[in-house]
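A.B. asks: Provided below for reference: sequence and predicted model.
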Amino acid sequence: MTDLPSLLVVVGRYGDVPGGAEVHARNVVQRLAPHFAVEVATTTATDYRTWESELTAGIDAVDGVTVRRFPVERPRAWDFKVYERRAFRSGHTLDDERAFIDAQGPYAPELLDFLFTRGRDYDHVLFFQYIYYPTVLGLPLVPERAALVPTAHEEAAIGLAAYKPVFLAPRAIAYNTEEERRMVWRRFRNERVPNEVVGVGVEAPPDRDADRFREKYGITGPYLLYVGRIVESKNCTEMFEHFARWRRSDVHDVSLVLVGDAEMRVPKIDGVRHVGRLGDKDRWDAVAGCAALVMPSLLESLSLVTLEAWAAGRPVIVSARSPVLAGMARRARAGLGYRSAAEFAEICERLIGEPALGDRLGASGREFVERTYTWPRVVETYVDLFAEMRARLS
């Protein structure tokens, strides 16, 4: 028995799976476990592209926390794009939107049944990712206990009517950035929903060794670093094109090191090195030695790897077309944004040619993280937010 308030965290995938929101959820669960009686409700899927049921349904444990895994009854529809086009075309119906949500997945009706029958046994139910089936259909089942981490950004789906209740019904919303909150307020006029910019905490380990990374992976000379899923949706194609054009424009002994799983073909470009998915120690070593982290993605509510680069004192190169990343880089004074291949090349030239500039930007980024994205502040904000929710329920 425990006197701690109970918390159920709902997320589409959970455990040893790649993905920013999923890692975010796991980190939050670990940090809130001393303050709440935490459980997780998730699915048996590990891959968001297929939502194939790969794990065993039932009670599991991750990091000592009870995890309830519910079966995915069908994987993402092979003709998912057909449903997507129908939902996004003008004149579509609410049935078209619902069909899109079901086809997108993860389609797990037993998880919804659990929320319907058992959701009110918990003091709080925290949903991650507004866009997926468990949140869009599960949150309205327990609205008086629901809090939402939307991980929202400008995309076609967020304009669908089916998502409006997700942003209006919860008793609290935990945004990742000021930019995300402003975008959601502009779209949904939901300022009345209690909210905070919470995000995540970032702690750079003191034992970061760039030379250790270079020696282990045979990296010589200066290098730019990309960390994350290597996929078109993260704007990686543009990053490769800009890097190749810059490298061809003059003789540059500069590498672009890629860390993460490749979900697209990595082009054969001089200087591009794909080292695969790394453990935490090697990843932090890689960050420590980079001239800059390149974060080309346009559609982000928060970039954990950007915060990690800043925590390690390294600058970032972002797309100026990303409202969140460009906005954060400006506020932190810790990154430079490009709009074209020429601007990308100019930024790379400056950071490679003026290491002191990168050090100054990185130091500013470290200060930004230390005053904004720390675990003590994140935990305190969640504890206060949930306490307010309980007070309004009583």
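C.D. replies: Structure received. Here the structure is a predicted model, which is why all the values come from computation and not from measurement.
A.B. asks: which residues in the stretch 201-350 of the chain form helices?
C.D. replies: 210-217, 236-249, 280-289, 304-311, 323-332, 341-353 (DSSP state H, counting those that start in this stretch).
A.B. asks: do the same with the stretch 51-200 of the chain
C.D. replies: Using DSSP H, counting those that start in this stretch, helices in the stretch 51-200 of the chain cover 80-88, 94-104, 109-118, 133-138, 164-168, 178-188.
A.B. asks: highest mean neighbour count out of these?
C.D. replies: Neighbour counts (mean count of other Cβ atoms under 10 Å) averaged over each of these peak at helix 133-138, with a mean of 23. C-betas here are computed from N, CA, C, even on glycine.
A.B. asks: then that one to PDB, C-alphas only?
C.D. replies: Only the C-alpha atoms of helix 133-138 are listed here, as PDB (Å, rounded to 0.1, in the frame of the first residue of the first chain):
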ATOM      1  CA  TYR A 133      -5.200   6.500 -31.400                       C
ATOM      2  CA  PRO A 134      -4.600   5.900 -27.600                       C
ATOM      3  CA  THR A 135      -4.700   9.600 -26.900                       C
ATOM      4  CA  VAL A 136      -7.300  10.900 -29.300                       C
ATOM      5  CA  LEU A 137      -9.800   8.200 -28.300                       C
ATOM      6  CA  GLY A 138      -8.600   7.500 -24.700                       C
END
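A.B. asks: begin at 12 from here
C.D. replies: Sure thing, new numbering starts at 12, so read that last one as helix 144-149.
A.B. asks: quick one: mean pLDDT for it?
C.D. replies: Mean pLDDT, computed over helix 144-149, is 96.
A.B. asks: which residues of the stretch 12-161 of the chain score low on pLDDT?
C.D. replies: Filtered on pLDDT under 70, the stretch 12-161 of the chain yields the residue ranges 12-13, 30.
A.B. asks: I meant the stretch 262-405 of the chain, not that one.
C.D. replies: Along the stretch 262-405 of the chain, segments meeting pLDDT under 70 span 262, 405.
A.B. asks: hey, where'd the strands end up in the stretch 12-161 of the chain?
C.D. replies: Counting by DSSP state E, counting those that start in this stretch, the segments of the stretch 12-161 of the chain that form strands are 17-21, 48-54, 69-73, 76-81, 135-139, 157-160.
A.B. asks: who wins for proximity to Arg156 among the helices of the stretch 62-211 of the chain?
C.D. replies: Closest approach to Arg156 among those (Cβ to Cβ): helix 120-129, 9.9 Å.
A.B. asks: chain center to that closest one: distance?
C.D. replies: Centroid displacement of helix 120-129 relative to its chain, using Cα atoms, centre = their mean, to the nearest Å, is 26 Å.
A.B. asks: for that helix, packing partners?
C.D. replies: Taking 3 or more Cβ pairs under 8 Å, 6 or more residues apart in numbering; DSSP states H and E as contact, the helices and strands that helix 120-129 lies on are strand 48-54, strand 76-81, helix 144-149.
A.B. asks: swap in 6 Å and give it another go.
C.D. replies: helix 144-149 (3 or more Cβ pairs under 6 Å, 6 or more residues apart in numbering; DSSP states H and E).
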